[in-house]
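In: can you look at this prediction? I've put the sequence above it.
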Amino acid sequence: MQDRARETDLLAAYRGDLEAYASAALVIRTKAAQQRPLGMNRAQRIVHEKLSRQLRETGRVRALILKARQEGISTYTAARFFRRVTMYPNQSALVIADQRKRGQVLFGIYEMFDQKLPPWLKPNKQWQRKGWTLNYNDAAGTGLNSLLTVETAKDAAAGRGSTIQAIHASEFAFWENPEEAWNSLMQAVPDLDSEVIVESTANGVGNLFHQMWGDAEAGESSFLAIFLPWWIHEEYVVMLSPTERENILESLSEYETRCMSEGFEYEGERHLLSAEQIAWRRATIRDKCNNDEALFRQEYPATAREAFLVSGNCFFDEEVLLRYEERATRPKRYDLAMNKKLVQRRENPRGHLRIWERPRTDGSYVIFVDTATGRMSGEREQIYAADREQGGRDFSAAWVYDTEKARYVALLHGRVPPEVFADKVFALGYLYSHPNRRTGNRIPALVGVERNHSSGETVVRILKDDLDYPNLYFDRQLNHRRNRLTPVAGWVTTEAKRTIMLDEFSAEIRAETVVLPDADTIRECFTFIRDESGKPQAQDGCHDDRVIAAAGCIQMARHHRIPAVASTRTVTRRGGPVGHLVSEEDADGRT
């Protein structure tokens, strides 16, 4: 009787404490081919704490885990799911591996759990004749009726037509054509009391995992982004003799010196690497990565950004970009619109306008506009196909640049039709106006619009003809009939101008002479590469609209002049005059 009562108490305790359950009831096979109870390592405890908090706050688990190799996250997830299907009725858990070999390994973890589970915890089980399945029921159908299945991502119909309470997507970055399988899976998961855990090492940029990570990291999806650097794992050290340690310290590279002196920011704390960790890193690069440090950073990243670094063909200096990323700050977001005489900006966490610094009364600003790609311009000056921005036609971007402080202060960015974007740029130019030192009136910012394609031409036409914006950049183009240069509204990017534009922006970044506070723009810089022919462009599947807009600002700053135009002029828009643009409405409604 006492034993039965004790088992009941333990069962209740195990349902509420996964770590206690794992260490008491689950057995794993170690790398040394030994069997031992599952005691959580540091990486597993970090994940467990975050998922437990998310479950308490939202009633479900949605996690995207970017990790280094062999940190035990698949084993931790197996412990969660195994407890679920062996302790609760009517549960369905699905594990999907990137390939059959990994699927076999994952099912082996569950089989070990099942075989070594204490008898008093074992539910009735029906064996399946084929496949990797554990069916916890009995012949009469009166058991738990819970099921765990392991499949591979090549089965795009996995989970279709079912209700699945728990999904583990293993090495998701390595799935072949994951979009179809992923969409099918998510339809099968209930909104509440369900768990979806996606874990993977990185596999370059532009794939679905990279896109999902970017959204989760930016807080733009329901998934919680969890990064697990290699140096948190207790096993990733090499024990050193005093002489070996001294040799390590005397031969540190610049990067290794920073790792030991500056370290890494993680979970609100600064972590410095030890000589033992540096020794492990060197040995792993030599023995497991064929002396390829870029490969090590992908397989064993120290930061989330390192995981997605391209291999030696990034157009910008990656080490400098990492420092920029550390200094990045989160902006306030606003909706931007015109209301009669006023430029209005109202706080909205999903607004298209991001502001790091509000307009200074004595500020001096320029704006460069990169619109979503359409057809090429009909200008007679030759524009090369390679000059078109890569990454699709999803986004338009307009950076605001403080020419006196060399700071990027605001960004207009989003999926916006060109005619709507033109209105927003119009308002943005007046928001970031500057004083005319001769008259004392306000002058809107100099705006340069890349007009290489139809959407850019649309924005230029609306700003120039419909809105009569008074401070547009005019390019000079050769009039072949008159054989002379004539001014044309907008910035036309030729191959030569694009090269200069990007080279000068890269030089500013490399010298760290400009302040670029936006983490998303820095991410675009990481995926802006030299292709096989050496031409700089966005990597396949990535965007460069923010990069091009930022680079264009440097060119606009060189052409910045303050025209003798007062901002109290009447402005005519489509539909008639709107009055005098003399002020802005603040986020709280004050004028």
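Out: Ah, there it is. Numbering: from 1, shown residues only.

In: going forward, measure contacts between C-alpha atoms and count neighbours the same way
Out: OK.

In: what helix or strand is residue 79 on?
Out: Using DSSP states H and E, residue 79 sits within helix 73-87.

In: can you list contacts of whichever helix or strand comes after that helix?
Out: Counting by DSSP H and E, the element after helix 73-87 in chain order, helix or strand, is strand 92-97. Contacts to strand 92-97, defined as C-alpha atoms under 8 Å, 6 or more residues apart in numbering, come from residues 81, 85, 103, 106, 146-153, 159, 163-172, 175.

In: out of these, which sit inside helices?
Out: Among the contacts of strand 92-97, the members falling in helices (DSSP state H) are 81, 85, 103, 106.

In: per-residue confidence at the third one?
Out: Per-residue confidence at residue 103 stands at 93 (pLDDT).

In: ramachandran angles for residue 285?
Out: Torsion angles at residue 285 (phi, psi; degrees, to the nearest 10) stand at phi -60, psi -40.

In: so it sits against residue 293, correct?
Out: Yes: Residue 285 lies in contact with residue 293 (C-alpha atoms under 8 Å); the separation is 6.1 Å.

In: all strands for the stretch 451-591 of the chain, in order.
Out: Secondary structure of the stretch 451-591 of the chain, counting by DSSP state E, counting those that start in this stretch: strands at 474-479, 484-489, 528-530, 536-538, 570-573, 576-580, 583-585.

In: give me the domain ranges for the chain.
Out: Split into domains by automatic domain parsing, the chain comes to 2-228, 242-327, 332-578.

In: now do the helices in the stretch 301-450 of the chain.
Out: Counting by DSSP state H, counting those that start in this stretch, the stretch 301-450 of the chain has helices at residues 304-307, 318-327, 418-431.

In: turn these into TSV, columns for distance to residue 481, mean neighbour count and mean pLDDT.
Out: Output for these, formatted as TSV (distance: least, C-alpha to C-alpha, whole Å; neighbours: other C-alpha atoms under 10 Å; pLDDT from 0 to 100):
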stretch	distance to residue 481	mean neighbour count	mean pLDDT
helix 304-307	52	21	82
helix 318-327	47	16	84
helix 418-431	31	22	94
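
In: so which of these is nearest residue 77?
Out: Closest to residue 77 of the helices of the stretch 301-450 of the chain, according to C-alpha to C-alpha: helix 304-307, at 20.9 Å.

In: quick one: the closest one to chain centroid distance?
Out: Distance, stretch centre to chain centre, for helix 304-307: 10 Å (C-alpha atoms, centre = their mean, to the nearest Å).

In: what does that helix contact?
Out: Helix 304-307 is contacted from outside by 66, 201, 202, 204, 227, 229, 297, 298, 299, 300, 301, 322, using C-alpha under 8 Å, 6+ apart.

In: repeat for stretch 115-124
Out: Against stretch 115-124 from outside (C-alpha under 8 Å, 6+ apart): 7, 25, 26, 27, 86, 87, 114, 136, 137, 138, 143, 144.

In: hmm, 10 Å instead?
Out: Stretch 115-124 is contacted from outside by 4, 7, 10-11, 24-28, 35, 37, 85-87, 111, 114, 135-139, 142-146, using C-alpha atoms under 10 Å, 6 or more residues apart in numbering.

In: please indicate which of those are buried?
Out: Among the contacts of stretch 115-124, those classed as buried by 16 or more other C-alpha atoms under 10 Å are 11, 25-28, 37, 85-87, 111, 114, 135-137, 143-146.

In: of the domains of the chain, which is nearest residue 236?
Out: Shortest separation from residue 236 across the domains of the chain is recorded for domain 242-327, at 6.2 Å, computed as C-alpha to C-alpha.

In: now the closest one: how far from the chain's centre is it?
Out: For domain 242-327, the distance to the chain centre is 21 Å (C-alpha atoms, centre = their mean).

In: and it, end to end?
Out: Using C-alpha to C-alpha, to the nearest Å, the end-to-end distance of domain 242-327 comes to 37 Å.

In: how about the strands in the stretch 251-400 of the chain?
Out: 264-266, 269-271, 332-339, 342-347, 353-355, 365-370, 396-402.

In: now the second one: mean pLDDT?
Out: To tie it back to what came earlier, the one meant is strand 269-271. 92.

In: neighbouring contacts of it?
Out: Strand 269-271 is contacted by residues 231, 232, 259, 260, 261, 262, 263, 264, 265 when judged by C-alpha under 10 Å, 6+ apart.

In: so how far is residue 125 from the closest residue to the fifth one other than its chain neighbours?
Out: By that I understand residue 261. Leaving aside its chain neighbours, residue 261 sits nearest to residue 272 (6.4 Å; criterion: C-alpha to C-alpha, 6 or more residues apart in numbering). Note on residue 272: its distance to residue 125, by C-alpha to C-alpha, is 49 Å.

In: okay, these two: which has more neighbours?
Out: Higher neighbour count among residue 272 and residue 125: residue 125, with 19 against 16, using other C-alpha atoms under 10 Å.

In: per-residue pLDDT, that one?
Out: Predicted confidence (pLDDT) for residue 125: 84.

In: so what's the residue nearest to it when sequence neighbours are not counted bridging to?
Out: Distances taken as C-alpha to C-alpha, 6+ apart put residue 136 closest to residue 125, at 4.2 Å, once the chain neighbours are dropped. Note on residue 136: beta-bridge partners residue 146, judged by DSSP bridges.

In: over to residue 488?
Out: residue 475.

In: can you give me the neighbour number for it?
Out: Based on other C-alpha under 10 Å, the number of other residues close to residue 488 is 14.

In: now residue 59
Out: When neighbours are defined as other C-alpha under 10 Å, residue 59 has 14 of them.

In: list the contacts of it.
Out: If a contact means C-alpha under 10 Å, 6+ apart, then residue 59 has 52, 53, 191, 192, 193, 194, 195 as its contacts.

In: next: residue 100.
Out: 106, 150, 151, 152, 153, 154.

In: still on that earlier bit, out of the contacts of strand 269-271, which end up buried?
Out: Buried among the contacts of strand 269-271 by 16+ other C-alpha under 10 Å: 231, 232, 259, 260, 263, 264.

In: how far away is the residue lying closest to residue 355 once chain neighbours are set aside from residue 107?
Out: Spatial nearest neighbour of residue 355, excluding adjacent residues (C-alpha to C-alpha, 6+ apart): residue 410 at 4.4 Å. Residue 410 sits 51 Å away from residue 107, taking C-alpha to C-alpha as the criterion.

In: that'll do, ta.
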